[in-house]
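S.K.: Got a predicted structure here, sequence first:
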Amino acid sequence: MKMNKAYIDQECVMCQTYGNFLQKRSSQISIKNQLELSKEDIERDEIVYERDNLRYYGAEAFIQSTYCLLYTSPSTRDLSTSRMPS
């Protein structure tokens, strides 16, 4: 499976926290530094999420990255992979 990418501002505490949140919940999302983006993307000053060679910005990036978690995180109903104690 192809790795999805979230580009965040490494100097922003809230951005880093969101990056950590994504990374802890899915092995399919790679957290990247926003400085790896083009100058135009950096100037937008928004989170950028990339999936299937498509880029999403700002709120749409948040929605798409969260949507990805629905399909890559262990189900709370599957007791063999759930994080909840049985």
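M.R.: Perfect, thanks for sending it.
S.K.: going forward, measure contacts between C-alpha atoms and count neighbours the same way
M.R.: Fine.
S.K.: so how far is the helix-or-strand element of the chain with minimal mean pLDDT off the chain centroid?
M.R.: Using mean pLDDT, DSSP states H and E, the weakest-scoring helix or strand in the chain turns out to be helix 58-72, at a mean of 79. Put simply, helix 58-72 sits 7 Å off its chain's centre (C-alpha atoms, centre = their mean, to the nearest Å).
S.K.: what residues are up against Tyr7?
M.R.: 31-34, 36-37, 47-49 (C-alpha atoms under 8 Å, 6 or more residues apart in numbering).
S.K.: what about 10 Å?
M.R.: Shown in contact with Tyr7 (C-alpha atoms under 10 Å, 6 or more residues apart in numbering): 15, 19, 30-37, 41-42, 46-50, 57, 61.
S.K.: just to revisit the earlier point, next, the buried residues of the least confident helix or strand of the chain.
M.R.: 61-62, 64-65, 68-69 (16 or more other C-alpha atoms under 10 Å).
S.K.: Need the residues that contact that helix.
M.R.: Residues contacting helix 58-72 (C-alpha under 10 Å, 6+ apart): 4-7, 18, 22-23, 25-29, 44-51, 55-57.
S.K.: go again using 8 Å as the cut-off
M.R.: So helix 58-72 is contacted by 6, 22, 25-28, 46-49, 55-56 (C-alpha under 8 Å, 6+ apart).
S.K.: buried subset of these?
M.R.: Buried members of those, scored by 16+ other C-alpha under 10 Å, are 6, 22, 25-26, 28, 46-49, 56.
S.K.: any idea how far Thr66 is from Thr17?
M.R.: Taking C-alpha to C-alpha, to the nearest Å as the measure, Thr17 falls 14 Å from Thr66.
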